[in-house]
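J.: with the sequence up front, the predicted model follows.
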Amino acid sequence: MESACADFMKANAMKPFDFYRCPRVVFGPGRISEVGSLASRYGSRALVVTGSESLDLSGNWDRIAGSLKASSVTFDRFRVKGEPSPDLVDRAVRGFQEPSPDVVVAVGGGSVIDCAKAVAAMLPLREPVAPYLEGVGDGHHPGTTLPLIAAPTTAGTGSEATKNAVLSRVGTDGFKKSLRHDHFTPACALLDPGLTLDCPPRVTAACGMDAFTQLLESYVSPKASPLTDALAFSGIEHVSPCLLPACTDRAHDLQCRSSLMVAAFLSGVTLANAGLGVIHGLAGPLGARIPMPHGMVCATLLWEACRTNIMRIREQRGADDAVLVKYARVGRVLSGAPEADVLRGCELLLEKLEAWTGSLKIPRLGDYGLRESDLDALVARAGQKANPVQLDATDVKEILMARL
Ligand SMILES: [Fe+2]
């Protein structure tokens, strides 16, 4: 028993950790019809932030509007197309500050939820958002925000669980930066997998790969805790068997969509508490440089970045390193090979990620206009605060080169 304890402690050395508040979770097919009663807890006037017309075409907008009316909640609607910019947030704040809504409801993908989160945070301040973005301005947001109900229509970013909103400006002087405060976590995550049934295969693939990347990066993060490990591994178990089927023959399977939706939410919880690695450290600068969807950026880097991390950890810390044990555990689950040792488990993980990259036809960075001459500037801006091993500039550039 003593030896078992010693082995466990070697692989699971406990460090101090924080775990932030989560939203109230309302999960289940059809539960979008409860949005009115949920909103009415906060008042009688809502601002509803949505994406383009797919919500209208599916009939879900009628359900949402009907539910709000049935609960005597009056509402305005603000539509978001593409990834939100500071200008878009400012326009919404100017347009809806008088009279101010009591609650903001977001129904859409990560971009819609991020935009709504920023609008909810800026409406009480009635100021432009850019000075409050990390790395852009030096404003300190006091954390006053309107309550936000976040109902995702894609299973990906996990924004419904996080305390930051990512805003971006695309171009050579572009940026992708966060508005962040502990109080910005949505009050409620309304997880209705029925909203994702019409999500097209390309979007399902990109979002699912984003969720998986977030789960894996937070699972192997130096800031991981027993709480984030439990949630991240559960998320990985849910997303891995369902990702390909949801992009092909089981796109309309509610159980499959439910697994992806729960995994995406869990990825938001784990990234908020354990941080992310070099893939997301590159995704920010890349997203500001080329118009590649965030999920596709993560998907295209995933296999190469994991291969580099595993190689460097093995060289520097040996084949029985605790992070390699974690990578191997994921490899065993993904491949259904519980008997594989650490080395083989890591190989199985990389084989599966390579297979996903091929099966899902993940595009390359060059397909979106990235050139070799862009790489040094991107490497200089890449973050890797919560990567399990510090990679040098050559390693990071080689990850990008391999996916050019
Ligand atoms: Fe992500």
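T.: Everything's here; your move.

J.: going by C-alpha atoms from here, please, whenever you check contacts or count neighbours.
T.: Will do.

J.: check the gap between residue 52 and residue 108 for me.
T.: Applying CA to CA, to the nearest Å, the value for residue 52 to residue 108 is 9 Å.

J.: buried sites along the longest helix along the chain?
T.: Determined from DSSP state H, the single longest helix within the chain is helix 294-317. Residues of helix 294-317 classed as buried by neighbour count (16 or more other CA atoms under 10 Å): 294-310, 312-314.

J.: ok so, going back, between residue 52 and residue 108, who's got more neighbours?
T.: Using other CA atoms under 10 Å, the more surrounded residue of residue 52 and residue 108 is residue 108, with 25 against 14.

J.: correct me if wrong: the more buried one contacts residue 151.
T.: Yes. With contact defined as CA atoms under 8 Å, residue 108 counts as touching residue 151 (6.6 Å).

J.: ends of stretch 365-384, how far apart?
T.: Using CA to CA, the end-to-end distance of stretch 365-384 comes to 20 Å.

J.: got the buried residues for whatever helix or strand comes next after the longest helix of the chain?
T.: The helix or strand immediately downstream of helix 294-317 is helix 322-335, counting by DSSP states H and E. Along helix 322-335, these residues count as buried under the neighbour rule (16+ other CA under 10 Å): 322-335.

J.: tell me the one of the residues you listed nearest residue 200?
T.: Residue 200 has its nearest neighbour among the buried residues of helix 322-335 in residue 334, at 23.9 Å by CA to CA.

J.: give the contact list for that closest one.
T.: Counting by CA atoms under 8 Å, 6 or more residues apart in numbering, residue 334 touches 237, 240, 241, 348, 349, 352.

J.: and the closest residue to residue 301 other than its chain neighbours, how far is that from residue 208?
T.: In space, and not counting its chain neighbours, residue 301 is closest to residue 279: 6.3 Å by CA to CA, 6 or more residues apart in numbering. Distance of residue 279 to residue 208, given as CA to CA: 15 Å.

J.: can you check residue 333 too?
T.: 17 Å.

J.: so for this protein, the centremost residue is which one?
T.: Compute the mean C-alpha point of the chain, and by CA atoms, centre = their mean the closest residue is residue 157, 2.4 Å away.

J.: OK, contacts around the residue nearest to that one when sequence neighbours are not counted?
T.: Sequence neighbours aside, residue 110 is the residue nearest to residue 157 in space, at 5.6 Å (criterion: CA to CA, 6+ apart). Applying CA under 8 Å, 6+ apart, we find residue 110 in contact with 152, 154, 156, 157, 158, 159, 160.

J.: re the thing from before, inside helices: which ones of the contacts of residue 334?
T.: Counting by DSSP H, the contacts of residue 334 contribute 237, 348, 349, 352 to helices.
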